[in-house]
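1. take this sequence and fold it.
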Amino acid sequence: MKDAEYAGESAVYYDQVAPGVDGDVAFYVEEARSVGSPILELGCGTGRILIPMAEAGLEVVGLDASHDMLMIARNKLEVLPPEVRRRVQLVEGDMRRLIRGCKILPPAPGRCQRTGAESSCIHEVW
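-> Model (predicted):
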């Protein structure tokens, strides 16, 4: 599946100019740690959040429709230690077809609002 919006130079540009929201990576890593592996990150793009989760010891499946964004993520993973790379599976596809048995991390940069007894923003797929 090729997503024209994030293909070629657009994917490279996105990776360079989309740093996210201050503190979002730490937020998502902590949320993921609270529920444990495996984690499914929808719209994982170039791995901005996926890679820190894997470095934190979590098994992560990254799903994205853009072949080129996933290639950038793969290139970033290539320079990481083998134990980190083994924790990551990148899947090109439509997020409407979910992988059962994973917890879902909502697409960045949105954050889930949590107050009191509200549930975590990471949900089990079943």
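
2. now the strands: where do they sit in this structure?
-> For the chain, applying DSSP state E gives strands covering 39-42, 60-64, 88-92, 103-105, 123-124.

3. mean confidence score for the second one?
-> Average pLDDT, strand 60-64: 93.

4. so what strands line up beside that strand?
-> Pairing partners of strand 60-64, with direction, according to DSSP bridges: strand 39-42 (parallel), strand 88-92 (parallel).

5. residue boundaries of the helices in the protein?
-> For the chain, applying DSSP state H gives helices covering 9-17, 24-35, 50-55, 67-78, 82-85.

6. what packs against the shortest one?
-> When contacts are defined as 3 or more CB pairs under 8 Å, 6 or more residues apart in numbering; DSSP states H and E, helix 82-85 sits against helix 50-55, helix 67-78. Just so you know, the C-beta spots here come from the backbone N, C-alpha and C atoms, and that holds for glycine as well.

7. and the shortest one, what does it pack against?
-> What it means is helix 50-55. By 3+ CB pairs under 8 Å, 6+ apart, helix 50-55 packs against helix 24-35, strand 39-42, strand 60-64, helix 67-78, helix 82-85, strand 88-92.

8. list the buried ones in it?
-> 50, 51, 52, 53, 54 (16 or more other CB atoms under 10 Å).

9. pretty sure the fourth one sits against residue 39.
-> Yes. Distance between residue 53 and residue 39: 6.1 Å, which falls inside the contact criterion (CB atoms under 8 Å).

10. shaky segments in the protein?
-> 1-4, 96-126 (pLDDT under 70).

11. same thing but at 90, please
-> For the chain, applying pLDDT under 90 flags the ranges 1-22, 40, 42-43, 65, 93-126.

12. tabulate the strands of the chain in TSV, adding columns for distance to residue 79 and mean neighbour count.
-> Below are the strands of the chain laid out as TSV (distance: least, CB to CB, whole Å; neighbours: other CB atoms under 10 Å):
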stretch	distance to residue 79	mean neighbour count
strand 39-42	20	24
strand 60-64	17	26
strand 88-92	13	18
strand 103-105	23	23
strand 123-124	32	14
